[in-house]
Structures are given as C-alpha cells and as structure tokens.
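K.L.:
Just a sequence and a predicted model for now, questions to come.
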Amino acid sequence: MKNNQKKASVLLVSAGLLLSAATHASDDYSVNFSGYVRAQASMFLEDQEETSGNDEGDLGMARTSLQLEMDAQTGDVFWKAIGRIDKEHQTSYLDDLERMTRLQSPGGFSTTQDYMDQYDTDSFGDFLREFYVDFALSDRVDVRLGKQQLVWGESDFFQALDLVHGFDYRKRLFFENNEDWRKPLILANFNVDIPELDGNLNFYVRPGWDRAEDMGSNFNIEGGRWIPHPYRGVDFTAFTEYNEDHKDGDWDDPTFGIRWNGTAGSIGYSFAYLKTFNPQPIINPAVNSVVPGAFGVPKAQMQSYGELARNQVLGDWVFPEIDVFGFTANTYNQSIDSTLSAEFAFIPDKPYNYGALQSSLPGWGGVKEKDTLVTMVRVDKELDLSNILGTNRPSLTSIQLFDTWIVDYDENDEIVEFASFGAKKKEHTTYLTFFTLLNFQRDTINPSLVIGTDLSNGGGFAIPAVEMVFGDDWRFKAEADLWWTDGDQKRVAPGNVGARNPLGTSENSASLFDWFGDDNQLTFTLTRQF
C-alpha cells in the first residue's frame, strides 16, 4: 500500500514539475487558504435497548473537526489540497458499547476494538482528503490528476449513478452533505469539450493505488453508534473480516468510467458506463465455520461466493465489481414552473445476500446475482411564501421518488437488503423524500424540513432543522433526527449480558428504517469559517 501511495505522489509531483516547466513566464501565481472549525454534539431522545442503563438525554456524539483548504495557481496550473482532522470525545455511551464489545463477542472470540479508531483521524491518508492538480492539455481537453471526488448523477439521499466512490456512514449516517462523507479516490479524470455536438465527454481511470480502507462504504460493523439495532456493541470484525483481495472484488484492480453530457433543445442529458465496486459490502459466508451451527445458519444452506472465505468463523465482507449503465435527463417545465430530473442505472448481475431467514443471521446463505434497475425522478420548485410566512425570497422545495427494481425477481430467492436482517427484499423497493428550505431575515434564519418514507416496507424519517447565520463567519444549526417504524425491528436476544446471543433474535421482517427505531435524537452544529 505504501508503494501505491508513493506512485500517486510521484505522479502528482512529476505532473506539476513538467507542467510548470512548460508554462510561459507569468505573474499569475497565488496561494489562498480557507477552511472551518466545527463542533457537533448529539443527544438521545430515547433509551438505547442494548445498554443496561437509561440513555435518554445522554450524549451519543461529541466531535470537533478542523478542515483546511489550499488553492494554488502556478501559471496555467491549478492545485487543490483539502485536509480534515476529526477528534471525538469518548462519551459514556461509547464507553458502554466498547465495554459490551469486549464482554460478549460471539463464539468466545474476543476483540480489542478501540471505538475511537472509526471516528478519529489517525493517519495522514485520513487527513489528506483531496490533493489534485488541474491543467489543460489543449483548448478542449482538461485534466485533473490526484485524490479527488467525482460526482455523477442527480440523486440526493440514495445513490443511483453516484457510485464512483463509497461513503463513510459511521459518524452521522446519511444526514450530512454527501461531499463531507464521500471517500475520495486517486483518479485520472479527463473532460473533452465537443461543442459541435453540444456536449462534452468525461472519462476517468482509477489505477487502483488507493488504500484498502478507501474501498466501498463503511457501515459501522465495528459495533459503534450507527450500526443498526440490535448490534450496538457487537464488533463483527472480531469474527468476520474485509477481504479486499477477493477474485470478484480486488481493490487493486483498475476501474474506470465514461460519460457523455449533452443538450437537446431544453433538455440536458447524459449517458454513462462505470466499472466500479458495489458500494455495500456483501458477506461471503464461512461454509466450514469453526462455530458449530453458525448461530442457527444450517451448513447445508451456505454457499461460498467465488472462493472460500478467509475467515472461517462467520465469513468475509466483499465489495464485488459491478457494471453500471446509466442515463440522466433534466429540463425546466414552464407550465408548472419546475425543474424535472430523472436518473436510471441498470446493473446486470448485482450481488445480494440471501437465505437462512429463520436464523440469527438471515442472508448468511450466500450470494445471488440479479439484474437491477435503479430509477430516480425528482421535481424541484421554488415557492413564493413571502406573503404567507414572511420569507425574504422564494423557497426551494424538492420531491424525489427512488425505486430499486429487481428485474428477474423470484420470491423464492430469499434475497435480503443487508446480511443479518431477514425481511425479504421485494421486487420494487421505493422511497419517497420531500425537502423544503425557508429563508428569513436576509437568509440569516433558515429553517428546513426533510421527510422520507419507505413506500414498500413502511417506516421513515423526518429531519426538522434551523440554521442561523451570524456575520460572514459563524453558523449554528439545530436539528432533530426522528424515525418511525412499523414495529418490525430485530430485537436483542433475551438473557443476561454475556450469556445472551448478541446477534439478536431470529426475525424475517426488519427492513431499512426498522434498523434505526429508537434512534430519535437532537443534533447541534457550530461552525466557524475562515
């Protein structure tokens, strides 16, 4: 991995030296610095069932972040660097979870998990979020080399085409700006302007020089505060492991993508193809598990995915390579005074976990591949509510419908949304979200509301918030993160702490929003920009 990082550094430095040498003498040199300091805290509005005490009113998070940004112009070459340091206070709630993790690892396997490892910045690779150089090869060809973010698609809450990178959901789940939690990668990114066809061609190559921890999305399987219930305090990495070298998901393999962006009259559109990694990890079960019975999963129902799991306690987490064919379109409709957007992503042979629905580990039967079509349609509209509410400008409102269709669906496949939760994935899984932002007092008081619901399985979330702006530098935001479910949560297995089954009771009905029942909380964010 160190060799890959050296390769990336050599690439950037060499590119900079060569381009700077080729640049004509110029006075156009500048360096600018900016950034922010941010403090965040969250407080539980409900008791957390895994811990023995009453957590209502306790702090679940207390974090400070420092982000530094540098923009440098050296002749015709632009440089960008972004570094961020996150430091958390280990709250009493995290103390309880860490203590539980050390006491009750399944099968007698102990863990030395330090919960702060997943929240704190503890390496230079974590600190240096982005570092890239921009330059033009010609009047039509622009190039960006280095560690960067590349965003494709139109979706906000759920990703259809935004699959170049994974996301780190361990700190705040999906409530923050995607830019803050998307995991940057080392890319060679090219943009070719073709005005004769009213469009441009964007393509990238990821050479595979990234760290293993930059692979896919993180879902807190170490047992922290955002692992789904009832697994708070259960460190899955004590008896599973990430396999970044799996033959169907080798992180060192190069990946790439190509997208055409164009306009046809008043319609903007794009076509895209990506060779990338499945953003969610899937489990390759240990078919020869050293744990008898594997927590109720019959051995006869378990099948390896591609190759035998390296971890023969419960299995390996794998990010398989996938192909994605995408299309987007957007236009302004004058008759309804709204912007309409649509996004489609077809993923042939998308991997899903399946089987063992009546065990403590549903989905641990193996992997099945299914053709999948992901669709998003959205309506954005500005509403003038000044005469009703006294806002100082039109208010942005957005409605988004997001659907995942398993094209070759078969109910007998027993596919699940995520390994360990037993609700069968339906042929269509459809989410509806609503967002509105209001602006008062010259945009210094900005209330907002986000609501989302699962039309296929029930449950949802609501995030009422207000941000207050003080001068040019200070921002304060207060929000409530609220959940509702249909009562189908997976529960902690009964018994004494240390004697109970920490993998929960058997169930076959817990779907996405059921995983976060009892997680209602208040969150406060204070930001000083500079």
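P.N.:
Good, I have the coordinates.
K.L.:
any weak-confidence spans in the protein?
P.N.:
1-27, 103-113, 174-175, 290-296, 298, 300, 493-502 (pLDDT under 70).
K.L.:
quick one, helices of this protein?
P.N.:
2-22, 92-103, 124-127, 178-181, 386-389 (DSSP state H).
K.L.:
mind saving the C-alpha coords of the fourth one as PDB?
P.N.:
Put plainly, it is helix 178-181. Extracted in PDB, the C-alpha atoms of helix 178-181 (Å, rounded to 0.1, in the frame of the first residue of the first chain):
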ATOM      1  CA  ASN A 178     -22.500  14.000   0.600                       C
ATOM      2  CA  GLU A 179     -19.300  15.900  -0.100                       C
ATOM      3  CA  ASP A 180     -18.300  15.500   3.600                       C
ATOM      4  CA  TRP A 181     -18.700  11.700   3.700                       C
END
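K.L.:
That helix: which residues count as buried?
P.N.:
For helix 178-181, burial by neighbour count (16 or more other C-beta atoms under 10 Å) applies to 178, 181. (Each C-beta comes from the backbone N, C-alpha and C, glycine too.)
K.L.:
And that helix, what does it pack against?
P.N.:
Applying 3 or more C-beta pairs under 8 Å, 6 or more residues apart in numbering; DSSP states H and E, one finds that helix 178-181 contacts no other helix or strand.
K.L.:
any idea how far the closest residue to residue 73 other than its chain neighbours is from residue 77?
P.N.:
Spatially, and ignoring its direct neighbours in sequence, residue 73 is nearest to residue 30 (4.8 Å; C-beta to C-beta, 6 or more residues apart in numbering). Counting by C-beta to C-beta, to the nearest Å, the separation of residue 30 from residue 77 is 12 Å.
K.L.:
In terms of packing, which of these two has more residues around it?
P.N.:
residue 77 (20 against 9; other C-beta atoms under 10 Å).
K.L.:
what's the neighbour count on the closest residue in space to residue 164 that isn't next to it in sequence?
P.N.:
Leaving aside its sequence neighbours, residue 164 sits nearest to residue 150 (C-beta to C-beta, 6+ apart; 4.8 Å). By other C-beta under 10 Å, the residues close to residue 150 number 18.
K.L.:
How about residue 313?
P.N.:
With other C-beta under 10 Å as criterion, residue 313 counts 18.
K.L.:
Show me the strands in the stretch 51-200 of the chain, by range?
P.N.:
Along the stretch 51-200 of the chain, counting by DSSP state E, counting those that start in this stretch, strands occupy 59-74, 77-88, 128-136, 141-148, 185-194, 199-206.
K.L.:
Residue 165 touches residue 149, doesn't it?
P.N.:
Yes. The criterion here is C-beta atoms under 8 Å, and residue 165 meets it with residue 149 at 6.4 Å.
K.L.:
and for those two, which residues touch both?
P.N.:
Shared contacts of residue 165 and residue 149 (C-beta atoms under 8 Å, 6 or more residues apart in numbering): 182, 184.
K.L.:
Compare those two and say which one has the larger neighbour count.
P.N.:
Taking neighbours as other C-beta under 10 Å, residue 165 and residue 149 compare with residue 165 leading, 26 against 19.
K.L.:
gap between the more buried one and residue 204?
P.N.:
For residue 165, the distance to residue 204 - C-beta to C-beta - is 11 Å.
K.L.:
can you check residue 482 too?
P.N.:
Using C-beta to C-beta, one gets 38 Å for the distance from residue 482 to residue 204.
K.L.:
Neighbour count for those two, which is higher?
P.N.:
Legend: neighbour count by other C-beta under 10 Å for residue 482 and residue 204, higher for residue 204 (21 against 16).
K.L.:
So which residues of the stretch 201-350 of the chain form strands?
P.N.:
240-242, 245-246, 249-250, 255-264, 267-277, 282-285, 315-318, 321-333, 338-354.
K.L.:
Which elements pack onto the last one?
P.N.:
Pointing back at strand 338-354 there. Against strand 338-354 (3+ C-beta pairs under 8 Å, 6+ apart) you get strand 282-285, strand 321-333, strand 366-383.
K.L.:
Distance from the last one to the middle of the chain?
P.N.:
On the basis of C-alpha atoms, centre = their mean, to the nearest Å, the separation between the geometric centre of strand 366-383 and that of its chain is 15 Å.
K.L.:
The shortest one now?
P.N.:
Centroid separation between strand 282-285 and its chain, computed with C-alpha atoms, centre = their mean, is 20 Å.
K.L.:
related to what we said a few turns ago, just say which of the helices and strands packed on strand 338-354 is most tucked in.
P.N.:
strand 282-285 (a mean of 28; mean count of other C-beta atoms under 10 Å).
K.L.:
what packs against that strand?
P.N.:
strand 315-318, strand 338-354, strand 366-383.
K.L.:
Would you mind measuring from residue 368 to residue 414?
P.N.:
Residue 368 is 9 Å from residue 414, by C-beta to C-beta.
K.L.:
so what's in contact with these two at the same time?
P.N.:
By C-beta under 8 Å, 6+ apart, the residues touching both residue 368 and residue 414 are residue 354.
K.L.:
Kindly reformat the strands of the stretch 51-200 of the chain as a markdown table containing distance to residue 489.
P.N.:
Output for the strands of the stretch 51-200 of the chain, formatted as a markdown table (distance: least, C-beta to C-beta, whole Å):
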| stretch | distance to residue 489 |
| --- | --- |
| strand 59-74 | 18 |
| strand 77-88 | 27 |
| strand 128-136 | 35 |
| strand 141-148 | 39 |
| strand 185-194 | 35 |
| strand 199-206 | 38 |
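K.L.:
between those, which one is nearest to residue 237?
P.N.:
strand 77-88 (18.9 Å; C-beta to C-beta).
K.L.:
For that closest one, which strands pair with it and how are they oriented?
P.N.:
Sheet pairing here is set by DSSP bridges, and for strand 77-88 it gives strand 59-74 (antiparallel), strand 128-136 (antiparallel).
K.L.:
what's in contact with that strand?
P.N.:
Strand 77-88 is contacted from outside by 16, 19-20, 23, 61-73, 116, 119-121, 127-135, 171, using C-beta under 8 Å, 6+ apart.
K.L.:
Centre of the chain to it, how far?
P.N.:
On C-alpha atoms, centre = their mean, the centre of strand 77-88 falls 19 Å from that of its chain.
K.L.:
Quick check: beta-bridge partners of residue 377?
P.N.:
Going by DSSP bridges, residue 377 forms beta bridges with residue 342, residue 401.
K.L.:
Next up, the contacts around it.
P.N.:
Going by C-beta under 8 Å, 6+ apart, the list of residues near residue 377 reads 340-343, 400-401.
K.L.:
neighbours around residue 142, how many?
P.N.:
Residue 142: 17 neighbours (other C-beta under 10 Å).
K.L.:
Now do the same contact list for it.
P.N.:
134-136, 190-191, 193 are the contacts of residue 142 under C-beta under 8 Å, 6+ apart.
K.L.:
Kindly indicate which of those lies nearest residue 236.
P.N.:
residue 190 (39.2 Å).
K.L.:
Quick one: closest of the strands of the stretch 51-200 of the chain to residue 528.
P.N.:
Here strand 59-74 is closest among the strands of the stretch 51-200 of the chain (C-beta to C-beta), at 10.0 Å.
K.L.:
how big is the angle separating the closest one from helix 92-103?
P.N.:
100 degrees (axes from the mean of the first three to the mean of the last three C-alpha atoms, to 10 degrees).
K.L.:
for strand 59-74, the distance to its chain's centre please.
P.N.:
Relative to the chain's own centre, strand 59-74 is displaced by 19 Å; criterion: C-alpha atoms, centre = their mean.
K.L.:
Point to the residue nearest the middle of the chain.
P.N.:
Residue closest to the average C-alpha location in the chain (C-alpha atoms, centre = their mean): residue 167, at 2.9 Å.
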